[in-house]
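Novice: Need coordinates for the below:
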Amino acid sequence: MIDYHFDWTVITRNAGFLADALLLGLGLAVASLAIGCLIGLLAAYARLSRWRLLSGAVWIYVELIRCIPLLLLIFFLYFGLPELGVRFLDKFETFVAALSIYAGAYMCEVFRAGLESIPRQYVEASKAIGLRPWQRQRYVVLPVMFRITLPSISNNLISLFKDTSLAAAIAVPELTFAARQINANTFRVMEAWLTASALYLLTAYAIAIALRQVERRYAAIR
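Specialist: Here you go, the predicted model:
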């Protein structure tokens, strides 16, 4: 028979700690997505390049990263790089670097699909009005691609936010680490992990709602 008595005062006493951890996780996810989008966009253009060597190198990067667990990538950057003499990364920079590299591989495929799905007549029309190549990319290709790929970008942000839980493995004080600390200090297992789960769920749902509004508003701009 289960005989467990909940004590939620443990959570209220640590509300500030949990809030800071949640905000840190959001910050890590947003920073990683921003860097990952830049990596992914450059990689997508390289992937579509006529230079086979460049395109092949990006293909290897994408397939390699997508087949390696994120946790192993984090461990390699945090524990492996110092063995190779690279010691300039602290735990926060290491995690953002790992998550950005990971996100970049997925965003590469998202952006590649977006670039390939742009209607040909858009590009032809931009040429007809005399836009230069960089102007066509800035004013036609990238805005249309962004509109096409926005739902996928939104999904990736939610996924990256949940992946920030892995930062606890290298003692980054995000939400999972905070819950583990509360559990270790108070032995209130259910309260700590139920609260962390609820915060992940509510925050991810709030992000999804907010991004759907952005998608609707951006889609209305034609």
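Novice: Tell me which helix or strand comes right after the worst-scoring helix or strand of the chain on mean pLDDT.
Specialist: Across the helices and strands of the chain, mean pLDDT, DSSP states H and E gives its lowest value to helix 120-128, namely a mean of 82. Towards the C-terminus, the helix or strand next in line after helix 120-128, according to DSSP states H and E, is helix 133-136.
Novice: Give me the packing partners of that next one, helices and strands only.
Specialist: Based on contacts counted as 3 or more C-beta pairs under 8 Å, 6 or more residues apart in numbering; DSSP states H and E, the elements that helix 133-136 packs against are helix 120-128. Where you see a C-beta, it was placed from the backbone N, CA and C, and this is true even at glycine.
Novice: which sections of the protein are below the confidence cut-off?
Specialist: Across the chain, the stretches falling below the confidence threshold (pLDDT under 70) are 1-2, 88, 219-222.
Novice: how far away is the most centrally placed residue in it from residue 101?
Specialist: Against the mean C-alpha coordinate of the chain, by C-alpha atoms, centre = their mean, the closest residue is residue 160 at 3.5 Å. As for residue 160, its distance to residue 101 is 12 Å (criterion: C-beta to C-beta, to the nearest Å).
Novice: that older thread, in contact with the residue nearest to the centre of the chain, which residues?
Specialist: Shown here is residue 160, whose contacts under the criterion C-beta atoms under 8 Å, 6 or more residues apart in numbering are 29, 32-33, 36, 99, 103.
Novice: now do 7 Å
Specialist: When contacts are counted by C-beta atoms under 7 Å, 6 or more residues apart in numbering, residue 160 touches 29, 32-33, 99, 103.
Novice: which non-adjacent residue is nearest it?
Specialist: Computed as C-beta to C-beta, 6 or more residues apart in numbering, the closest residue to residue 160 that is not its neighbour in sequence is residue 29, at 4.4 Å.
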